[in-house]
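[1] here is my input, please return the structure:
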Amino acid sequence: MNPRTLLPLLFTLALALHARAQDPATLPQGPLLNRAPQFSQWVITTKPLDGAKPAEAQAGSTPRNDDGTTRPKTTSVTKNNQLIHEQTVYAGGDKVDIWRIGGQALMSAAGKPWMTISSVGTSFNATDYQKADFAGFDWIAPGNYTGIKEVGGRKCLTFSGKTICLDPQEIDLLKTSAEQQVSVMETMKNEEVRPGDPPLPEAKPFRMEDYHVQVAAYIDLETRLPVMLQYELPEGPMTRTYQFQPNVDRLSLPSEVQDVLKGAADHQKSLNVGRPPI
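    Alright, predicted model coming up:
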C-alpha cells in the first residue's frame with residue numbers, strides 16, 4: 001500500500017481508538033464487582049432516597065432524629081477470612097448480631113439467646129458469603145452499563161436495570177395469595193348469578209415480572225467495590241451506601257457463640273452414633 005495512503009488511515013484509526021477509550025459509554029476493562037478483601041470492614045446505610053418520604057415516615061411510625069429526618073438502618077460488617085460478624089441496627093434501635101464461620105451462622109436479636117440460622121442462599125437483602133459479599137448486585141451486567149459518574153467524590157461505574165427487591169419468602173406469599181384469589185374467582189364464576197349481583201372482579205394471576213423494579217448501582221472505578229445502590233420499594237425509593245473502613249477489627253468468637261456451636265456439633269455427633277456409613 002502507498003505510504004501516503006496508509007498514514008492517513010493509521011491516523012484515523014488512532015483517533016477512533018482514542019475516542020472509544022474516552023467514550024463514557026464504553027465499559028472499562030476489569031471485573032464489574034470485586035469480592036471484599038479477606039480482611040475488611042464496611043458499613044451499609046439504608047435510608048430513603050434524598051428528598052423521598054416513605055409511607056411509614058409520612059404516617060409518623062418510623063422513628064426520627066431530632067431534626068425530623070428518618071433514622072437509617074445501618075449494618076456493620078467485619079470480615080476476617082471465613083469469620084464474619086454483622087451487626088444491624090434498625091430505625092427503632094433494635095439490634096441483630098450475626099456471626100458467620102464457613103457455612104455456619106448464628107444470630108442473636110435484641111439481646112436474646114444465640115440460635116443457629118440458615119446461611120445458604122442470596123437474595124436482594126441477604127448474602128451468602130460463600131458466594132458473594134454484597135447483596136442486591138447480581139443483576140449488573142455489561143449490557144446495563146450506562147457510563148461513569150462521580151458519587152461521593154469517587155468515580156463510579158454505573159449500571160441501570162430492573163430486578164426483584166423482595167425476599168423469596170415474600171414472593172412465595174404473593175404467589176400463594178394470587179393463586180388463592182384466582183381459585184376463588186373461578187369457583188364464584190361457576191355459581192348461579194342472581195339478578196342485581198355486582199360483576200365479579202377479575203382475578204390477577206401471579207406474574208414475576210410485575211415485581212421487577214428499577215435499580216441503579218454505582219461501583220468504585222478503582223477498587224470495583226460498591227459505593228451506592230438505589231432501588232424502589234412500595235413505600236418509596238431507597239438507597240444503600242457503602243463505606244469501607246481504613247482499619248479492620250480482629251475478630252474473636254464470643255464464648256457464648258462457641259458454646260452454641262459446640263452444642264450443635266455434639267448433638268450432630270450423637271445422631272451419627274451407630275449410623276452405618278454411607
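[2] how about the strands of the stretch 51-200 of the chain, start to end?
    Taking DSSP state E, counting those that start in this stretch as the test, the strands found in the stretch 51-200 of the chain are 73-80, 83-89, 95-101, 104-109, 115-117, 145-151, 154-164.
[3] number of nearby residues for residue 40?
    The tally of other residues near residue 40 (other CB atoms under 10 Å) stands at 17. Where C-beta positions appear, they are placed from N, C-alpha and C, glycine not excepted.
[4] not counting sequence-adjacent ones, nearest residue to it?
    Closest residue to residue 40 apart from its sequence neighbours, by CB to CB, 6 or more residues apart in numbering: residue 79 at 5.1 Å.
[5] show me what the one you found is bridged to.
    Here residue 79 sits in beta bridges with residue 40, residue 84, going by DSSP bridges.
[6] against residue 38, how distant is it?
    For residue 79, the distance to residue 38 equals 7 Å [CB to CB, to the nearest Å].
[7] quick one, grab the pLDDT at residue 69.
    On pLDDT, residue 69 comes in at 47.
[8] ok, now residue 66?
    Reported pLDDT for residue 66: 43.
[9] and for residue 128?
    86.
[10] was I right about it contacting residue 134?
    No. Counting by CB atoms under 8 Å, residue 128 does not reach residue 134; the two are 11.2 Å apart.
[11] and those two? Which one has more around it.
    Neighbour count, other CB under 10 Å: between residue 128 and residue 134, residue 134 has more, with 23 against 17.
[12] on that earlier part again, among the strands of the stretch 51-200 of the chain, which comes closest to residue 25?
    Nearest to residue 25, of all those, is strand 145-151, at 5.5 Å by CB to CB.
[13] which parts of the protein are helices?
    In the chain, the helices defined using DSSP state H lie at 3-22, 55-59, 168-189, 255-272.
[14] lowest-confidence stretch among these?
    helix 55-59 has the lowest average pLDDT among those, namely a mean of 40.
[15] could you tell me the end-to-end distance of stretch 118-137?
    21 Å (CA to CA, to the nearest Å).
[16] how far is that stretch from where the chain is centred?
    The chain centre lies 7 Å from the centre of stretch 118-137; the measure is CA atoms, centre = their mean, to the nearest Å.
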